[in-house]
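> Whatever this is, show me its structure:
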Amino acid sequence: MRRSSVRVKAIFYSFFVLAGFLIWRLYAVQVVEGPWLADKARSEHSETIELQAQRGAIYDREGNAVVRSLPSQSVYATPRAVTDVGDEATKLALILDVPADRLENLLRDTASTSLLARKVSREKAELLRKHPLAGIYVVPEATGVRYVPSGHFASTVIGFTGIDENGLDGVEYSFDSVLRGRSGKMVLEEDELGRTVPFASPHVLVPAQPGRGVVLTIDSYMQFEAERILRETVRIRHAAGGTVIVMNPYDGEVLALANAPDYDIRSFEKYTPDQRRDRAVMDAYEPGSTFKLITVAAALESGRVTPDARFPSLDALTIGGRTIHNAEDGFIAGRGSTESLEDIIAYSHNVGAAEIALRIGGATLYRMVRAFGFGDRTRIDLPGENPGLVMRPQEWSATTLPTMAFGHSISITPLAMIRAYCAIANGGLLVRPRIVRTLADANGHAVYEYPPHTERRVISKRTAAILRRYLRAVVLRGTGYPTAQVPGYAAAGKTGTAQVAENGVYVPGAYIASFIGMIPAEQPRYVILVKIDKPRGAIYGSVVAAPAFAELAKEAMLHAGVMPDVKARLVSRESPLKPST
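Below you'll find the model as predicted:
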C-alpha cells in the first residue's frame, strides 16, 4: 500500500513537472520567441518584392502627352514546378523569340524563380495565358514601357530610357530623378514549391510614389513644322544634317528644337550615336557672318563707333600675311569709297567687319563676346551641352581679331547663337534658354513652375534697336533679299556662310549655311535659327537657309493667330530705313 502511494506521487509529480515544462515552452514559443518564429515562418513562405513606381509622363506646352508609360508584363518560371523542361523550352522559344537552349538552362535553375523574358508584348502575354504551361506565369511590371505616339517627334529633345525605364538621353536623362518616382515594397505569400499563393492578400510595406510629369516648352505644331521644313531643306540641298530652333526672346522658352538626322525613340538602339546626337547643344561651329552683329554691338557699346561712322569700301584686306576677302555672292562693298555699319551688315562684308574690329581692339570685342555668354554653357536642362571655344586674347594670333569679327576663330553652339539674337530682339537682356515649363503630378496638375531667368543686360535698348534696324536692312535690300522675306510680315535677320573646321583644319568644299531671324521685326515674337550642314551645290545662307526661315516664320505667325498685313511695317516709324549712299 505504501509502495503504491509512492508510485502515485511519483507519477503525479512527473505530470506536474511535464505540465510545467509544457506551460513554460508554450509561454516561450508564444510570447518570448513568438515574433521571431513568426518572422522566420513568413520569410520561409513569403517573398519581399520591390514595387517600382510608375514613371512620369512628358507633355508638350499644351499638356498633351508626348511620352507616357503603359503597363508591361514579364514571364517568370518556377523551375521546380516545370514537368517537361525540354518540351516547355521549345514551346516558349517560339512564343518569346528566345533561344531554346537558353530557356532550358533557366528552367533547370535551382532558384525558386527564374526570369525568362522582360516586358514582352501584350500579344505574347495573351498567348501564354491562353495556352498555359506548367510552372510558367506572366507577371505585370509596375515600371511599364514607354509609349511614344510619334516616334521621331522631338526625339533629340525627349531622349529615351533603358529596359528598366532609367533615363539615358535627353529630358528623360536630365529629369530622370523627377520622372522615376520612388519605389515601394510588398510581401507575397508562397507555398512549399515557392509559388505565390493565389488567394493570399499581398501586404504593402511601403507604397510606391509615382514620378512627376515634365511639361516641356515645346509647341507641338511648331515642332512638327520645324522638323518638316528642316527635313525637306536637308533633302533638297543634299546636306549632311541641320538644326532649327525657335525661341521666345523674352522668357527663353524653346518652342521648337529640331535636328537632322533624328531617330525613332521606339527603336533607338537601331540608330548610331551620331544620329541620336542633339546638334543644337552638342555641336559647336564657326558661325560665320551671323556673328557680325556681335562685333557691331561691341563697337556701338564702346562708344568708339557711332551709327554714322564710315569705313573704307574694300573687297580685300591683308593682315598678318593673310588676305581677307568678301564673299563672292554678288554684293559688292559699298556704293562709293566708304560704307556704313548698316551696309556692312546688310551686304555681309567680311572686310568691313574686320575693319570694325581693328578699330575697337581685341579687348573690347572679347569683353562683348564673353558678355553674350559665348564660351560658357547656357545651362539649358539638356545633357551634353558644349560650351564652345573662345580663345583668350593672349592666345590670339595677328589674324584672330579680324577673322573673329566675321565669325571665324571662334566656336559656338546653335543654342548659344540664338540666345544672343534673343538679346537683340528683347532689348538687350541675355535670358537663359528653357526646355521645361513645369512639373506635374500624376493627374497632370502643375506642382512646380520654372520661372524665366535673366542672366544680365549685355547691350542697351538703343543698341539693340539699332541692330534690329540693321537686320531689317538685310531682308529689305541685303543678302536676305528676297529669300528671307515673309509676305505680309516684317522680318529681320542675318545670313551666314562659314567653312567647316574639323580637327583644326578647314575641310575643302564643306560649308555651313545659316540664317538667324526674328519676326515681326518690331517687337519680335519669335527668333528662329536655321543651320544647314555641308549643303551641296548652293552653299550660301541666303540661298540655303533663308527660305526655310521664311517658311517657318510664316507658319509661326499664322499659328499665333497673327494675320499677314498687306503693307508690312518697318522697324520704326520714327526712323524709317533709307538706302545708304
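> Give me the residue at the spatial middle of this protein.
residue 157 (2.8 Å; Cα atoms, centre = their mean).
> Let me see the contact set for that residue.
Residue 157 makes contact with 170, 171, 216, 218, 257, 278, 382, 435, according to Cβ atoms under 8 Å, 6 or more residues apart in numbering. C-beta: built from backbone N, CA, C; applies to glycine.
> Switch these over to a markdown table; also include secondary structure and distance to residue 240.
Shown next, in a markdown table, are the contacts of residue 157 (DSSP: H, G, I helix; E, B strand; the rest coil; distance: Cβ to Cβ, whole Å):
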| residue | secondary structure | distance to residue 240 |
| --- | --- | --- |
| 170 | helix | 22 |
| 171 | helix | 26 |
| 216 | strand | 27 |
| 218 | coil | 25 |
| 257 | strand | 19 |
| 278 | coil | 16 |
| 382 | coil | 22 |
| 435 | coil | 25 |
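> most surrounded residue in those?
Greatest neighbour count in these, by other Cβ atoms under 10 Å, goes to residue 257: 32 neighbours.
> separation between it and residue 559?
According to Cβ to Cβ, to the nearest Å, residue 257 stands 16 Å off from residue 559.
> Same check on residue 292?
Distance from residue 292 to residue 559, by Cβ to Cβ: 30 Å.
> of these two, who's got more company?
Shown here are residue 292 and residue 559; by other Cβ under 10 Å, residue 292 has more neighbours (27 against 14).
> Figure out the helix or strand that the residue nearest to the more buried one when sequence neighbours are not counted lives in.
Computed as Cβ to Cβ, 6 or more residues apart in numbering, the closest residue to residue 292 that is not its neighbour in sequence is residue 353, at 4.7 Å. Residue 353 belongs to helix 350-360 when assigned by DSSP states H and E.
> how about that helix: buried residues?
Neighbour counts over helix 350-360 (16 or more other Cβ atoms under 10 Å) mark 350, 351, 352, 353, 354, 355, 356, 357, 358, 360 as buried.
> Name the residues that touch it?
Outside helix 350-360, the residues within contact range by Cβ under 8 Å, 6+ apart are 289, 292, 295-296, 298-299, 302, 304-305, 311-317, 319, 324-327, 333, 339, 341, 343-344, 365, 401-406.
> Got a quick PyMOL command for the buried subset of the residues you listed?
Buried subset of the contacts of helix 350-360, written as a PyMOL selection, criterion 16+ other Cβ under 10 Å:
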select buried, resi 289+292+295+296+298+299+302+305+311+313+314+317+324+326+327+333+339+341+343+344+365+401+402+403+404+405+406
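> which ones among the contacts of helix 350-360 are found in helices?
292, 295-296, 298-299, 302, 341, 343-344, 365, 401-404 (DSSP state H).
> picking up where we left off before, how far off helix 292-302 does the helix holding residue 353 point, in degrees?
When axes from the mean of the first three to the mean of the last three Cα atoms, to 10 degrees is applied, the directions of helix 350-360 and helix 292-302 differ by 30 degrees.
> Would you pull up how far helix 350-360 lies from the middle of the chain?
Relative to its chain's centre, helix 350-360 lies at 37 Å (Cα atoms, centre = their mean, to the nearest Å).
> same thing with stretch 54-63?
14 Å.
> mean confidence for it?
Computed over stretch 54-63, the mean pLDDT rounds to 93.
> Report the buried residues of it.
Across stretch 54-63, burial judged by 16+ other Cβ under 10 Å covers 54, 55, 56, 57, 58, 59, 60, 61.
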